[in-house]
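> Attaching a predicted model along with its sequence, questions to come.
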Number of protein chains: 2
Amino acid sequence: MSVQERKERERAGRERLIVATARELAEQQGWDAVTTRRLAERIEYSQPVLYSHFRGKREIIGAVALQGAAEMATALRAATSAADGPRPRVTALARTYLDFAERNPAVYDAMFQLDGGLAFAHEDTPEPLKDAFAALLESLSEVAGDGVHPALFTETFWAALHGLATLTRARRLPPEDTDRRVELLVDRLAMF
Amino acid sequence: MSVQERKERERAGRERLIVATARELAEQQGWDAVTTRRLAERIEYSQPVLYSHFRGKREIIGAVALQGAAEMATALRAATSAADGPRPRVTALARTYLDFAERNPAVYDAMFQLDGGLAFAHEDTPEPLKDAFAALLESLSEVAGDGVHPALFTETFWAALHGLATLTRARRLPPEDTDRRVELLVDRLAMF
DNA sequence: TCGATTGTCTAGCGGTGCTAGGATCGAATC
DNA sequence: GATTCGATCCTAGCACCGCTAGACAATCGA
């Protein structure tokens, strides 16, 4: 049994290597640069090895997305638990979200822009994605306001953040005023 | 001179044909299906002809984006001018925006998701893009509220709409509650 | 009618995601 | 310790991509 176990360990390790390398390459040079050939070369295996771990490039993107979702959830919870009171919590949440998107553009793309073959807002949504949404919900439900469903409020707030994140990074919005936009968003949307 | 004029007319007509065909193909089968080969085949010319009109695929996307921006500006102005009072105007604006995005997903992608080689929020931003933003600004500046810069408010409101549009279409948000999210957004963000 | 110019096409480059089929290597058996 | 045999991996190649060089044909002005 030990031999099988070692092989499985090695296999799992290589899978992690693939995901980490894809992520690294995507952050360095963009997802367009993440070709199966380049990826294979970087992990020092041939292309077909990738396909023994993932169905295709799409699934590799999906794996990066899941990793990112878990990290984002952790970051959001760390930020909100360090803040005192509803208003600072929501502000911290928004800032942390946008900060994550800015610091990890490729991961953010994998999560929300690219097709990673993942199901969202669905029963068979992968756990990390549900948990990231839950992290948003935890801090936002307390400021949803009377008669507004917390999930609906969270979705709307999230959409606003997502819009800011993507439009800013795609150079559709000048980056200088991000803080003021966040302030406006928090002031108006959240009910303290 | 007449001969030259005729040629120029024909050339302009063919350029319109290329843009229209690219748009049609993108709406039918997605931008991935818009390959230079397929596009050339549909307009019944060879591939290199495309490159005598546009520098490359990117510029074709950009042309579709500009067309879309002009249409969106028209649609927004039509909707807002038909509404009476600030609140109905903003509601109509938001609904029309999301409706446009839903009805013309490929065009919307060309405008805001894909790289069409266009400059945004910049002095040499193409006129249709500036005008589409102006259409938003016209209706939104009256509800920005005291002490809030109209442009900043418009950017934030736009970002929220953009987030709703993209997340909904990417199946990150369930489409059923769109109207309620819009209602929430208008109620909270706009100051009547 | 001829030469020049314009316009268009064929063919091909280097790249993409993905896969079939053969070689190789290591583990289990005798 | 030799031998089988199955898992593992790689070479080679498919059809497609965006883009372009260079040959060819049609059209124009003289």
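Nice, I can see it. Here the structure is a predicted model, which is why all the values come from computation and not from measurement. Numbering: from 1, shown residues only, chains lettered A, B, ... in the order given.
> Could you point out which residue ranges in chain A have low pLDDT?
A:1-3 (pLDDT under 70).
> how about 80 then?
Across chain A, the ranges flagged by pLDDT under 80 are A:1-6.
> Where is the longest helix in it?
Counting by DSSP state H, the longest helix found in chain A is helix A:2-29.
> helices or strands up against that one?
Applying 3 or more C-beta pairs under 8 Å, 6 or more residues apart in numbering or on different chains; DSSP states H and E, we find helix A:2-29 packed against helix A:36-42, helix A:47-53, helix A:57-81, helix A:105-112. Heads up, the C-betas are built off the backbone N, CA and C, glycines and all.
> Does DNA strand D have contacts with the third one?
No: judged by C-beta under 7 Å from any atom of the strand, helix A:57-81 stays clear of DNA strand D, getting no closer than 13.3 Å.
> What are the buried residues along that helix?
A:57, A:59-70, A:72-73, A:75-77, A:79-80 (16 or more other C-beta atoms under 10 Å in any protein chain shown).
> relative orientation of it and helix A:105-112 in degrees?
For helix A:57-81 against helix A:105-112, the angle between stretch directions is 100 degrees (axes from the mean of the first three to the mean of the last three C-alpha atoms, to 10 degrees).
> Centre of the chain to helix A:57-81, how far?
4 Å (C-alpha atoms, centre = their mean, to the nearest Å).
> helix or strand right after it?
Next along the chain after helix A:57-81, taking DSSP states H and E as the criterion, comes helix A:86-103.
> close to chain B, is that following helix?
No: Helix A:86-103 lies out of reach of chain B by C-beta under 8 Å from any C-beta of the partner chain, never closer than 10.8 Å.
> could you say what helices and strands that helix packs with?
Under the contact definition 3+ C-beta pairs under 8 Å, 6+ apart, helix A:86-103 sits against helix A:57-81, helix A:127-140, helix A:150-169, helix A:178-189.
> Restrict the third one to CA atoms and write it as CSV.
The C-alpha coordinates for helix A:150-169 follow below in CSV (Å, rounded to 0.1, in the frame of the first residue of the first chain):
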residue,chain,number,x,y,z
PRO,A,150,-29.8,39.9,3.3
ALA,A,151,-28.9,37.7,0.3
LEU,A,152,-30.4,40.1,-2.1
PHE,A,153,-28.6,43.0,-0.5
THR,A,154,-25.3,41.0,-0.5
GLU,A,155,-25.7,40.2,-4.2
THR,A,156,-26.3,43.9,-5.0
PHE,A,157,-23.4,45.1,-2.9
TRP,A,158,-21.2,42.5,-4.4
ALA,A,159,-22.2,43.4,-7.9
ALA,A,160,-21.3,47.0,-7.2
LEU,A,161,-17.8,46.0,-5.9
HIS,A,162,-17.4,43.7,-8.9
GLY,A,163,-18.2,46.5,-11.3
LEU,A,164,-15.7,48.8,-9.6
ALA,A,165,-13.0,46.2,-9.6
THR,A,166,-13.4,45.2,-13.3
LEU,A,167,-14.0,48.6,-14.8
THR,A,168,-11.0,50.0,-12.9
ARG,A,169,-8.7,47.2,-14.0
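> what comes up buried for it?
Counting neighbours by 16+ other C-beta under 10 Å, helix A:150-169 gives A:151, A:153-169 as buried.
> same thing with the last one?
Within helix A:178-189, the residues that count as buried by 16+ other C-beta under 10 Å are A:178, A:181-189.
> Columns distance to DNA strand D on top of those residues, output as CSV?
Converted to CSV, the buried residues of helix A:178-189 look like this (distance: C-beta to the nearest atom of the strand, whole Å):
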residue, distance to DNA strand D
A:T178, 32
A:R181, 34
A:V182, 37
A:E183, 41
A:L184, 39
A:L185, 37
A:V186, 42
A:D187, 44
A:R188, 43
A:L189, 40
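> about what we covered before: helix A:105-112 and the longest helix of chain A, what's the angle between them?
110 degrees.
> buried ones in helix A:2-29?
For helix A:2-29, a neighbour-count test (16+ other C-beta under 10 Å) marks A:14-15, A:18-19, A:21-23, A:25-27 as buried.
> Please apply the same query to stretch A:106-117.
Using 16+ other C-beta under 10 Å as the test for burial, stretch A:106-117 gives A:106-114, A:116-117.
> Now for the closest residue to DNA strand C within chain A, how many residues are close by?
DNA strand C sits closest to A:G56 of chain A, with a gap of 2.7 Å, by C-beta to the nearest atom of the strand. Residues near A:G56, counting by other C-beta atoms under 10 Å in any protein chain shown, number 12.
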